[in-house]
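Visitor: show me how the following folds:
(one chain, ligands or ions: 1)
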Amino acid sequence: MADTSPSRTFPKAPIQALPAPGWPPTQRDSKSGIDPTKIRRMNLNESPFPPSPKAVAAMQEAVTRVNYYPDPQWRDLTAALSARTGIAANRIIVGHGSDELIVQIGRLALSEGDEVVVPTPSFPGYSKCAAVNGAKLVPVPVRQDGSPDIDGMLEAVTPRTRLVFLATPNNPTGGMLTTEEVVRFARGLPTTTMLVIDEAYYEHGRHAGGEEHLAALAGVAVPWAAFRTFSKAYGMAGMRIGYALCGSDAVAEAFQKIRSVFNVSTVAQAGALAALQDEDHTRSILERTRIERERIIAGITRLGCEPFPSVGNFIAAKTPKPPATVCAELEDRGIMISRLMAPGFDGYIRITTGTADDTDALLAALAEVLAA
Ligand SMILES: Cc1ncc(COP(=O)(O)O)c(C=O)c1O
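Guide: Residues are numbered from 1 along each chain as shown. All right, here's what the predicted structure looks like:
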């Protein structure tokens, strides 16, 4: 029966308990007084390199058709993703960014009082996913190499655990897991738990020699999905498009039941398809990112920082000066980076890789900031 008690207010209790929302800062929020168009954006793990010219052309063509709703079944894109991944098209769910899928999986898996096991530090979206559903986040510190501590996470699982996020490569520490580890982890979970393998940086991981886990996951009993995105290696963060590769028809059907019908625009679908097909462009983004990542790691190490050995388009590092000071002083010099907010990691900054010019500017500015 519906709850008609007068104490029931809007919004519902778990939402009332949430902190006021905050948004990731962009150049517009900078207090440096510098022309926002001149500020280097090295704080949000975006690609500094634009999408494939073929994706841009496809999006320009698609924009002339936006009088019609988009394909609610994302058929062209899921067919291409299916051919690429070996996952059946009906098990591929496209989202308005993988962030939308993170929100959806919380709605699918969690009730009040449930637990969500995550690595820490990790993507802030997981804690929001837990909180909006009244669930409790159970953070497990990453290993020394910045990869999720799968043994520690398995120990943290209780009968209340309904959802686990395994980010590999992990943001912000950049460590990744082997297939053997991912499969061992999946086999160690109770089948009442949903496993999300967050592969937002999958392409960067592969470019650094990481393994493809999908085939080996085919036989595991726990429900699972791997989330990927066009925001990173494809340079399309502003289009908002990501996807879930689901381990079973049942997992995919659950997403289908709750999603909004026209959740991904015609322009985003067309752009993603063209971007996926332009492998040379993606490879070039990945290679340029690798070069700048290695330059930044070497440069900041020389300046006295202690970076995690990242494979992503970002580097988390312990700094000899308080991160708040480092971030503020870099911003005064026109460079935005971020700091880690997770308990136990308050001595760390995170730098997103940029262009070669961004690396030069960052290292010169950081040398000044740390010398002062
Ligand atoms: C680990 C991880 N997962 C998911 C996302 C969300 O990506 P998007 O919503 O742009 O696909 C991000 C973005 O930074 C991320 O770092």
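
Visitor: what sits against Ala342?
Guide: By C-beta atoms under 8 Å, 6 or more residues apart in numbering, Ala342 lies in contact with Thr120, Pro121, Ser122, Pro139. For glycine as for every other residue, the C-beta is placed from the backbone atoms N, C-alpha and C.

Visitor: got the phi and psi for it?
Guide: Here is the backbone geometry of Ala342 (degrees, to the nearest 10): phi -70, psi 140.

Visitor: relative to Tyr348, how far out is it?
Guide: For Ala342, the distance to Tyr348 equals 9 Å [C-beta to C-beta, to the nearest Å].

Visitor: could you name every residue contacting both of these two?
Guide: Taking C-beta under 8 Å, 6+ apart as the contact rule, Ala342 and Tyr348 both touch Pro121.

Visitor: in this protein, which helix is the longest?
Guide: Across the chain, the longest stretch assigned as helix under DSSP state H is helix 279-302.

Visitor: residues touching that helix, excluding its own?
Guide: Contacts to helix 279-302, defined as C-beta under 8 Å, 6+ apart, come from residues 47, 49, 51-55, 203-204, 207-208, 233-235, 275, 307, 309-313, 315, 317, 351, 353-356, 358-359, 362-363, 366.

Visitor: let's go with 7 Å and repeat that
Guide: Here helix 279-302 makes contact (C-beta atoms under 7 Å, 6 or more residues apart in numbering) with 47, 49, 52, 203-204, 207-208, 233-235, 307, 310, 313, 315, 317, 351, 353-354, 356, 359, 362-363, 366.

Visitor: please pick the buried ones from these.
Guide: Those of those that meet the buried threshold are 47, 49, 52, 203-204, 207-208, 233-235, 307, 310, 313, 315, 317, 351, 353-354, 359, 362-363, 366, by 16 or more other C-beta atoms under 10 Å.

Visitor: tell me where the stretch 51-200 of the chain has helices.
Guide: Remark: helices assigned in the stretch 51-200 of the chain by DSSP state H, counting those that start in this stretch are 53-62, 75-85, 98-109, 125-131, 150-156, 179-188.

Visitor: how does the chain divide into domains?
Guide: By the assignment in automatic domain parsing, the chain contains the domains 25-50+280-371, 53-277.

Visitor: what's the closest of those to the ligand?
Guide: domain 53-277 (2.9 Å; C-beta to the nearest ligand atom).

Visitor: distance from the chain centre to the closest one, please.
Guide: Counting by C-alpha atoms, centre = their mean, to the nearest Å, domain 53-277 is centred 8 Å from the centre of its parent chain.

Visitor: got the end-to-end distance for it?
Guide: Taking C-alpha to C-alpha, to the nearest Å, the first and last residues of domain 53-277 lie 12 Å apart.

Visitor: among the contacts of helix 279-302, name the ones in strands.
Guide: Those of the contacts of helix 279-302 mapping onto strands are Pro307, Ile315, Ala317, Ile351, per DSSP state E.

Visitor: now the two most distant members of these.
Guide: For those, the maximum inter-member distance is 8.7 Å, found between Pro307 and Ile351 (C-beta to C-beta).

Visitor: could you dump the contacts of Ala342 to CSV with neighbour count?
Guide: Shown next, in CSV, are the contacts of Ala342 (neighbours: other C-beta atoms under 10 Å):
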residue, neighbour count
Thr120, 21
Pro121, 24
Ser122, 23
Pro139, 19
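
Visitor: closest to Asp99 among the residues you listed?
Guide: Nearest member of the contacts of Ala342 to Asp99, counting by C-beta to C-beta, is Ser122, at 13.8 Å.

Visitor: quick check: closest non-adjacent residue to the closest one.
Guide: Nearest residue to Ser122, sequence neighbours excluded (C-beta to C-beta, 6 or more residues apart in numbering): Ala167, at 5.3 Å.

Visitor: quick one: residues contacting the one you found.
Guide: Ala167 makes contact with Pro119, Ser122, Phe123, Pro148, Asp198 under the criterion C-beta under 7 Å, 6+ apart.

Visitor: which residues of the stretch 51-200 of the chain lie near the ligand?
Guide: Contacts of the stretch 51-200 of the chain with the ligand, taken as C-beta under 6 Å from any ligand atom, map to Gly97, Ser98, Asp99, Phe123, Gly125, Ala167, Asn171, Asp198, Ala200.

Visitor: if you set the cut-off to 8 Å instead, what comes out?
Guide: Contacts of the stretch 51-200 of the chain with the ligand, taken as C-beta under 8 Å from any ligand atom, map to 95-100, 102, 122-123, 125, 167, 170-172, 198, 200.

Visitor: worst-scoring helix or strand of the chain, pLDDT-wise?
Guide: Here the helix or strand of the chain ranked lowest by mean pLDDT, DSSP states H and E is helix 13-16, holding a mean of 84.

Visitor: could you list every helix and strand in contact with that one?
Guide: Helices and strands touching helix 13-16, as assessed by 3 or more C-beta pairs under 7 Å, 6 or more residues apart in numbering; DSSP states H and E, are absent.

Visitor: from the middle of its chain, how far away would it be?
Guide: What separates the centre of helix 13-16 from the centre of its chain is 25 Å, taken as C-alpha atoms, centre = their mean.
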